[in-house]
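Below are the sequence and a predicted model for it; my questions follow.
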Amino acid sequence: MQATGSKISPDVNIADESLIHNPHNDYELSVMPGADGLVFCVHDNTRNKFVALHNYSFYPSLSAGALADQCAQIIKEDELLSRTKFKSVLVGMPGKISTLIPSVLFDIHTVNLFLGFNHEADEAQLQSHDKIAMADAYNAYAYDAALADCWKPLSSKVRVVHYTTALIQSMLLQHRAEAHSKILLHVRRDSFDLVVTEGRTLQLCNVFDYKAPEDVLYHVLNAMEQLNLNPANETLIMAGQVEKKSAVYEILHKYVSNITFAQRIPNTECSYGFAALQQHKYYPIFALRQCVS
């Protein structure tokens with residue numbers, strides 16, 4: 001993110017000319033805010049394609065309260081958000097307070113008890129849950145109300161899901177016909193997500209903090225060992241803030257033979273400006289679109 005005077009500018013700014021010359025009222029906005037950045041994309045339902053993507057990076061990383069304030073400022077100043085009315089807004093909520101609950105055990109009145117097993121309660125946060133039909137489970141989570149509310153000026157229809165719901169659903173949809181396990185490693189600045197699926201079965205979804213590449217290696221290999229997966233045979237799909245020349249990639253490649261980078265979700269149409277994007281970096285925001293009901 002760049003500051004021009006007091007105005008904030010995106011690191012990545014892709015927008016189809018149709019947004020300027022032929023605007024209409026059938027746009028849907030997908031948003032993923034996080035401590036280290038904000039990314040959003042605009043889907044044109046009339047043409048059934050993505051027509052814009054903006055990315056903002058935050059240095060240093062922001063607290064939950066500061067994140068809501070920063071997003072509110074971006075909404076006011078971003079050239080696209082400030083002048084476009086959206087049919088709907090879907091927010092992929094950040095946060096480590098989430099728990100997967102098998103459908104057979106799910107009860108809306110006891111969600112807080114499941115969350116309490118693994119996380120300390122934060123009375124300032126709201127609780128919600130997403131149904132993940134393909135996993136036969138619910139993803140229960142807590143989120144910051146101010147971060148959800150700041151998007152309401154853009155649309156009368158704002159919905160939140162947990163960002164891991166998007167990762168899980170996307171992996172299950174993309175690889176449901178494959179017999180072997182698939183491992184998604186989504187890297188952020190100080191943490192990463194690990195999602196493992198086998199066909200239509202979710203085997204693992206967890207979030208880990210890390211300070212060094214060796215921390216990532218340890219957690220990945222430990223997860224594979226617990227799931228009886230052989231690093232020499234399995235495919236690791238990398239997404240997010242990672243490059244082929246990065247230390248994380250290099251250390252993992254010493255132990256995991258098959259490493260690929262995530263590609264844009266199949267059957268996703270995009271405007272020509274998206275061709276220059278490093279697709280793996282924005283995998284989650286395209287995955288979020290698959291949560292649109």
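Received it, and whenever you're ready, just let me know what you need.

Please count neighbours and contacts with C-alpha atoms only from this point.
Noted.

next SSE after whichever strand or helix holds F114?
According to DSSP states H and E, F114 maps onto helix 111-118. As assigned by DSSP H and E, the chain's next helix or strand after helix 111-118 is strand 125-132.

Pull up the pairing partners for the helix or strand just after that next one, direction included.
Using DSSP H and E, the helix or strand that follows strand 125-132 towards the C-terminus is strand 137-144. Applying DSSP bridges to the sheet, strand 137-144 is found paired with strand 98-102 (antiparallel), strand 125-132 (antiparallel).

picking up where we left off before, go through the helix holding F114 and flag the buried ones.
Across helix 111-118, burial judged by 16 or more other CA atoms under 10 Å covers V111, N112, F114, L115.

could I get the residues you listed as TSV with distance to L217?
Listed next are the buried residues of helix 111-118 as TSV, based on distance: CA to CA, whole Å:
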residue	distance to L217
V111	33
N112	33
F114	29
L115	28
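
Quick one: the helices in this structure, in order.
Secondary structure of the chain (DSSP state H): helices at 18-21, 64-77, 111-118, 145-149, 163-175, 213-226, 247-253, 283-289.

Can you get me a residue count around the residue nearest to I75 when sequence neighbours are not counted?
The shortest distance from I75 to any non-neighbouring residue, by CA to CA, 6 or more residues apart in numbering, is to L81 (5.5 Å). Neighbourhood size, L81 [other CA atoms under 10 Å]: 19.

Quick check: pLDDT value at M1.
Listed pLDDT for M1 reads 54.

likewise A35?
A35 is assigned 94 on the pLDDT scale.

if I pick it, what's in contact with it?
By CA atoms under 8 Å, 6 or more residues apart in numbering, the contact set of A35 is F58, S61, L62, S63, A64, L67.

hang on, H129 packs against A137?
No: counting by CA atoms under 8 Å, H129 stays clear of A137, with 10.1 Å between them.

Only alpha carbons, please: show the helix holding F114 as CSV.
Presented in CSV, the C-alpha positions along helix 111-118 are these (Å, rounded to 0.1, in the frame of the first residue of the first chain):
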residue,chain,number,x,y,z
VAL,A,111,-21.7,-23.3,18.9
ASN,A,112,-20.1,-21.2,21.7
LEU,A,113,-19.3,-24.4,23.6
PHE,A,114,-17.4,-25.8,20.7
LEU,A,115,-15.5,-22.6,20.1
GLY,A,116,-14.7,-22.5,23.8
PHE,A,117,-13.0,-26.0,23.7
ASN,A,118,-10.1,-24.6,21.6
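
just the angle between it and strand 137-144, please?
Angle, helix 111-118 to strand 137-144, by axes from the mean of the first three to the mean of the last three CA atoms, to 10 degrees: 80 degrees.

For helix 111-118, which outside residues touch it?
Everything outside helix 111-118 that qualifies as a contact, by CA under 8 Å, 6+ apart, is I97, S98, T99, I101, A121, Q127, A140, Y141.

pLDDT of that helix, averaged?
Taken as a whole, helix 111-118 carries a mean pLDDT of 82.
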